[in-house]
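Student: Structure of the sequence below:
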Amino acid sequence: MTALDIAPTELDLDGRRITLRPLTAADKDAMLSFANALPVRELLFLKRDIRSPRVFKAWMQEIEAGTIRSIIAVEGDAIRGCTALVRDELSWSPHVAEVRVLVDTATRGMGLGRLLAMHCLDAAADERIEKLTVRMTTDQEAARQMFEEMGFRPEALLRDHVRDADGVSSDILIMAQDTRSHGAIHSIYGLG
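Tutor: Residues are numbered from 1 along each chain as shown. Next up is the predicted model:
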């Protein structure tokens, strides 16, 4: 069991009741609504278009296989954020996992993105993952700043790596964190 295998947890964020819980197949319609409400530009860092029912089905298969761990942040019946920790234990890099975080535009500024990212870092520590990566388009300044504050550093820039439906290309920034050194820093400050 990891930090992403949580029982439903209720939080009060800026007076809003948010529940964190694992993503399930029953969340299909809510997830597609959430994804379709996000600006397309903010989805370009993902390797797949999560607005597609086929992609959601594949996502659920990966969760069942244990290669993706996802939690969602729910307010009422609406998904306000989600996260995924993606790992391929059969690859040449079984010690590496990718962190993915999305938060809807109406819920930003409450710390939800940071909270979701921290769940991924905790889950990575539970699974003894040695390196974490995160991808984003270069114009996602708030995401970059948040991950830098969490100890991630730029590691690669992929020029013209993704293209939106209008054919406009964007660069992808890959940031990484060595979780072993991050864990040592936390120990020094008594953070676990």
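
Student: What is the longest helix along the chain packed up against?
Tutor: As assigned by DSSP state H, the longest helix anywhere in the chain is helix 112-126. Under the contact definition 3 or more Cβ pairs under 8 Å, 6 or more residues apart in numbering; DSSP states H and E, helix 112-126 sits against strand 9-13, strand 16-22, strand 68-75, strand 78-87, strand 96-103, strand 131-137, helix 141-149, helix 179-188. (C-beta placed from N, C-alpha, C; glycine too.)

Student: to the chain's geometric centre, what's the distance from it?
Tutor: Distance of helix 112-126 from the chain centroid (Cα atoms, centre = their mean, to the nearest Å) equals 8 Å.

Student: For the protein, give me the ranges with low pLDDT.
Tutor: Residues of the chain meeting the criterion pLDDT under 70: 1-5, 182-192.

Student: Let's see that with 80 instead.
Tutor: Residues of the chain meeting the criterion pLDDT under 80: 1-7, 180-192.

Student: what's the distance between the closest residue to residue 20 other than its chain neighbours and residue 72?
Tutor: Nearest residue to residue 20 in three dimensions, chain neighbours excluded: residue 9, at 4.7 Å (Cβ to Cβ, 6 or more residues apart in numbering). Between residue 9 and residue 72 the computed distance is 12 Å (Cβ to Cβ, to the nearest Å).

Student: Which of those two has more residues huddled nearby?
Tutor: residue 72 (23 against 12; other Cβ atoms under 10 Å).

Student: residues in contact with the more buried one?
Tutor: Taking Cβ atoms under 8 Å, 6 or more residues apart in numbering, we find residue 72 in contact with 20, 21, 22, 23, 27, 31, 79, 81, 82, 83.
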